[in-house]
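Participant: mind folding the following:
(2 chains)
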Amino acid sequence: MNFADLGLSEELIQAVTDSGYTIPTAIQAQAIPSVLMGKDIIGIAQTGTGKTAAFVLPMIDVLGEGRSRARMPRSLILEPTRELAAQVAENFDKYGKYHKLSMALLIGGVSMGDQIKALEKGVDVLIATPGRLMDLYDRGNILLTGCGLLVIDEADRMLDMGFIPDIETICTRLPATRQTLLFSATMPPPIKKLSDRFLTSPKYIEVARPASANASIEQGKVRVQARRKRDTLFTMLDAGVHTAIIFCNRKTTVRDLNKALRQGGFDSGEIHGDMEQRDRIAELDKFKDGTINILVASDVAARGLDIKGVSHVFNYDAPWHPDDYVHRIGRTGRAGATGKAYTFITEEDAEALANIEKLIGTTIPEITVADSGGAVAEAKPAKPRATEERAPRRRTRSGEAKSRAPRDERSSADKAEEPTEVDVREAQPVREKTRVSKPRAAKPREERSRDKQPREERPREERPRSEDRRPSASKPRRSNDRNDGPDDGWNGPMPDFLSVGFGES
DNA sequence: AAAAAAG
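Facilitator: Numbers count the residues shown, from 1 in each chain, chains lettered A, B, ... in the order given. Here you go, the predicted structure:
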């Protein structure tokens, strides 16, 4: 199967070929012919499965015939966030280069003037976030009566964000005879209701359940004391990280952590919802072109963002909502590349971890990092096994017995996880055992950590004095490292401690 | 417990 078999025009196939793609993904192969035939579609798929191209490509051909009229867009694509909307617009530019389609991107945070001008001229494709679309509609700048094709993308996220009433309003303003494509990673009841109401005998397409979390992502959890998160992260980044997105739960944490990383000599940037739109775009661009290789992010970047070659995702804070975990780690391991996803777990995160592991149906392997203080955190009264915490009592007990092997049968790696009375910061044997890779710092450690931790927490001789530059982490990657092909994700060597998993699974 | 989206 390749793109030429799907019924797309030659110009379009040329544009796809120019972009370096030849084989359609599962969702593309299933959706494109149906969209071309004018059918409604429910697509259960994450981005990264090629979902965007699955509707962008056929839409370009469908809209290639006919022309737009002033204020009457011919098609509408709804996206939950501004970044996703902009990303879809980029796809239209990329694949529509041999077609002359007009397009308007209606998102908040930027001035309305240009958007209104584009609408006045008439557009074939309207790509919008609900807020700005409703705003412009209420001002009388848009007529949706000529809009025969609607795409509701990331429907489950629209639901999370409270957009469903807006979506319903918008649906009723479109002509009743239209084609509707709905994409969602999951199908919670409100989305099912929405599709029952606004889609007509849709074709149901489901690919790679997101909860099964992409096999190309190697996951790990790191038990860490809250106050040692920063040092632990630095240690892991020092070991050599190509490109990382670091998720935090709060915007303030994003800001603080990015500041600390920059002070520590890392090439990092940040993105969160309190930033000006242009700053968000600028930071994303820097991340994409390699000016920075670490992006500290709130959940604004958790879903859908398609940045190639992200080698690592760190959950600096464990996400409260388990769905967010799946979405966050999905920023790595994209387009056939491999990725690593590490989640910091503090004592407060027990319930969040339990929910995550329940959702993904597996126990995330635990890895240990020197100085995380994780062993101390574990010295608390034993908690129930994470995945079983919410299970009925009887299951809990039997399951627990099974998963906990007798002490002396466990590997030494397992023993490293044993609760211990000894503070690992003082205990050389533990340090030696857990530190598999020697850290190298961009700047002498003392310079970096000047304002972070009291000196005494780190034995002086532990601090490397070499002038060694940090490996890839400190250096902007060459731009050809990624973003110039579909399969150019990171596949480089992995520092030992990042690739070694300990016990549990 | 937060963040996102309209300003």
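Participant: and the residue of the stretch 51-200 of chain A found nearest DNA strand B, how many neighbours?
Facilitator: For the stretch 51-200 of chain A and DNA strand B, the shortest gap (CB to the nearest atom of the strand) falls at A:Gly131, measuring 2.1 Å. Placement of C-beta: from N, CA and C, glycine included. Counted with other CB atoms under 10 Å, residues neighbouring A:Gly131 total 16.
Participant: please apply the same query to A:Asp285.
Facilitator: 12.
Participant: pLDDT weak spots in the stretch 351-500 of chain A?
Facilitator: A:374-500 (pLDDT under 70).
Participant: let me see the mean pLDDT of stretch A:29-47.
Facilitator: Per-residue pLDDT over stretch A:29-47 has a mean of 92.
Participant: send me it as CSV with only the CA atoms.
Facilitator: This file holds the C-alpha atoms of stretch A:29-47, laid out as CSV (Å, rounded to 0.1, in the frame of the first residue of the first chain):
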residue,chain,number,x,y,z
ALA,A,29,-4.9,4.2,4.6
GLN,A,30,-8.4,3.7,6.2
ALA,A,31,-9.6,7.3,6.3
ILE,A,32,-8.4,8.9,3.1
PRO,A,33,-10.6,6.9,0.6
SER,A,34,-13.6,7.4,2.8
VAL,A,35,-13.1,11.1,3.2
LEU,A,36,-12.7,11.3,-0.6
MET,A,37,-16.0,9.6,-0.9
GLY,A,38,-17.7,12.1,1.3
LYS,A,39,-18.3,9.8,4.2
ASP,A,40,-18.4,10.8,7.9
ILE,A,41,-15.7,9.3,10.0
ILE,A,42,-14.9,8.7,13.6
GLY,A,43,-11.2,8.2,14.0
ILE,A,44,-9.9,6.8,17.2
ALA,A,45,-6.2,7.8,17.1
GLN,A,46,-3.6,9.9,18.7
THR,A,47,-1.5,12.4,16.7
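Participant: for A:Ala15, what are its contacts?
Facilitator: A:Lys94, A:Tyr95, A:Gly96, A:Lys97, A:Tyr98 (CB atoms under 8 Å, 6 or more residues apart in numbering).
Participant: buried ones among those residues?
Facilitator: Buried residues within the contacts of A:Ala15, counting neighbours by 16 or more other CB atoms under 10 Å: A:Tyr95, A:Gly96, A:Lys97.
Participant: what about those, which are in helices?
Facilitator: A:Tyr95 (DSSP state H).
Participant: and DNA strand B, which of the buried ones among the contacts of A:Ala15 contact it?
Facilitator: Counting by CB under 7 Å from any atom of the strand, nothing from those sits close to DNA strand B.
Participant: for the buried ones among the contacts of A:Ala15, which one is nearest A:Lys358?
Facilitator: A:Tyr95 (39.1 Å; CB to CB).
Participant: ok, now which ones touch that closest one?
Facilitator: Contacts of A:Tyr95 by CB under 8 Å, 6+ apart are A:Leu12, A:Ala15, A:Val16, A:Ser19, A:Ala53, A:Val56, A:Leu57, A:Ile60.
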